[in-house]
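Chemist: here's a sequence, model it:
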Amino acid sequence: MARKLGVGVIGCGNISAAYMRHAPLFRGIEMRACADLDMKAAKARAKEFSLRAETVDEILADPAIDIIVNLTVPAAHYPVSKAVLDAGKHVYSEKPFVLSVQEGLDLKKRAEKRGLRVGSAPDTFLGGAHQLARHLLDEGKVGRITSGTCHVMSHGMEHWHPNPDFFFKAGGGPILDLGPYYISNLVQLIGPVKGVAALTGEIQQVPSSVSAIKVDGRRAYERARAGEEVRLDARPVTVGRFDVLAARTEGPFRDLDVLVDCSSGTYVRALARDLGAGLGVGGHLTALRRTRVGPFTLAHARTLETLAGEEEQQGRAALSLDLDAAVATAFPRRDADAEEAAGLAHGRPLAAAGRPGTEGVFGPDGHVVGLVADDRGAARPVLVLAPAGT
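Modeler: Residues are numbered from 1 along each chain as shown. Next up is the predicted model:
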């Protein structure tokens, strides 16, 4: 008969009763002891479930304990799990597993070095209802899943938890305390995260301190490189897409390949910074490739080698698009007769188009005359590109 693994609990708060009550339902493990900084709490739980009450040091040294369940407050998860691994025992922690990626990687390294296992809640996605949903997806009983969302609708844990203060401290809150349940289930149902939703939509972004924005007449990057502390105001930008295409581990670093679709004025360098800050690990842009600006894509681009070759052969490099083609690509087209084209060339307005936005106006010869936009009952010049007399 296989030996049962002895289980001990550190942290005898509200959730510990659930673990102790349900442990006998699992083959291969046996709940044997519990510990808490408050020995009264440990003794109360020990009496309730016929366990040994021990100090934290005693349970870490107890040879009858193979696995320790870490049910301490979130801020203590990392140091307690670290102590468990250093004591040569497997550890299973309540969520959140740790409060930073660095802490998680450190526990992984310690466990691998000693041949130990590390686990963390939540395991609720293994429940019958969630696995039935997984089965229905695998059997193709529903259509193609494109995204997922989750919602928590309650009055908050202060309405039911006897000691909810930890929820409002570092490591608590809805994202780290409740989020793991739903994120784990979404991942097991529809796969790994492919988009960064927190940094999409209309957001307030603080530009990078090494941007070209002027601060009291000098570029921000000049001030930053001179050792000055540069503080820039947040500005509204729109990020329509922030998709994670690939992820790689390079030594102690995690590299992400992402695809960003954003409005003018958005600093991708700042998106990397803010993503890292949100994860508590720091973030830095290592490479940037612009693939589209408005309607202009890489199909319109020219390589440096091509430009250099044309300049060498023809004395000058040809443009990717002439002015007519560039305006026709970037703006809706409006054709004008000879009289309208002549008037616009002199800066006179045209009849209102009744459409929003800027339009490119082309004369009878097919060449662009200028850009106009409806304003105060007429299509007024935004820019005259072929003024009279040229």
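Chemist: for the longest helix seen in the chain, give me every contacting residue.
Modeler: Taking DSSP state H as the assignment, the helix of the chain that covers the most residues is helix 101-114. Contact with helix 101-114 is made by 78, 81-82, 85-86, 88, 91, 97-98, 116-118, 252, 254, 279-281, as judged by CB atoms under 8 Å, 6 or more residues apart in numbering. For the C-beta atoms, the positions are set from N, CA and C on the backbone; glycine is no exception.
Chemist: helix or strand right after it?
Modeler: strand 118-120 (DSSP states H and E).
Chemist: quick check: end-to-end length of stretch 47-65?
Modeler: 18 Å (CA to CA, to the nearest Å).
Chemist: list the buried residues for it?
Modeler: Within stretch 47-65, the residues that count as buried by 16 or more other CB atoms under 10 Å are 49, 51-54, 56, 59-60, 62, 65.
Chemist: report the two of those residues separated the most.
Modeler: Using CB to CB, the buried residues of stretch 47-65 reach their maximum pairwise distance at 49 and 60, which is 20.1 Å.
Chemist: how about stretch 4-14: buried residues?
Modeler: Judged by neighbour count (16+ other CB under 10 Å), stretch 4-14 contains these buried residues: 6-13.
Chemist: correction: the previous question concerned stretch 243-262.
Modeler: Buried-residue list, stretch 243-262, by 16+ other CB under 10 Å: 258, 260, 262.
Chemist: can you get me a residue count around residue 41?
Modeler: 17 (other CB atoms under 10 Å).
Chemist: same check, this time on residue 155
Modeler: Counted with other CB under 10 Å, residue 155 comes out at 7.
Chemist: what strand or helix carries it?
Modeler: Residue 155 belongs to no helix or strand, assigned by DSSP H and E.
Chemist: tell me the pLDDT of residue 2.
Modeler: Per-residue pLDDT puts residue 2 at 68.
Chemist: let me know the pLDDT of residue 281.
Modeler: Listed pLDDT for residue 281 reads 81.
Chemist: wait, a helix at it?
Modeler: No - counting by DSSP: H, G, I helix; E, B strand; the rest coil, residue 281 is not part of a helix but coil.
Chemist: what about the closest residue to residue 378 other than its chain neighbours, distance to residue 375?
Modeler: Using CB to CB, 6 or more residues apart in numbering and skipping residues adjacent in sequence, the residue nearest residue 378 is residue 349, 4.0 Å away. Distance of residue 349 to residue 375, computed by CB to CB, to the nearest Å: 8 Å.
Chemist: higher neighbour count, these two?
Modeler: A side-by-side neighbour count of residue 349 and residue 375, using other CB under 10 Å, places residue 349 first with 17 against 12.
Chemist: quick check: that one touching residue 376?
Modeler: No - judged on CB atoms under 8 Å, residue 349 makes no contact with residue 376 at a distance of 9.0 Å.
Chemist: quick check: next helix or strand after the worst-scoring helix or strand of the chain on mean pLDDT?
Modeler: The helix or strand of the chain with the poorest confidence is helix 173; it has a mean of 78 (mean pLDDT, DSSP states H and E). Note on helix 173: by DSSP H and E, the next helix or strand toward the C-terminus is helix 179-190.
Chemist: tell me the mean pLDDT over that next one?
Modeler: On average, helix 179-190 scores 88.
Chemist: same question, stretch 93-100
Modeler: For stretch 93-100, mean pLDDT rounds to 91.
Chemist: now that stretch: buried residues?
Modeler: So, applying 16+ other CB under 10 Å, buried residues of stretch 93-100: 93-99.
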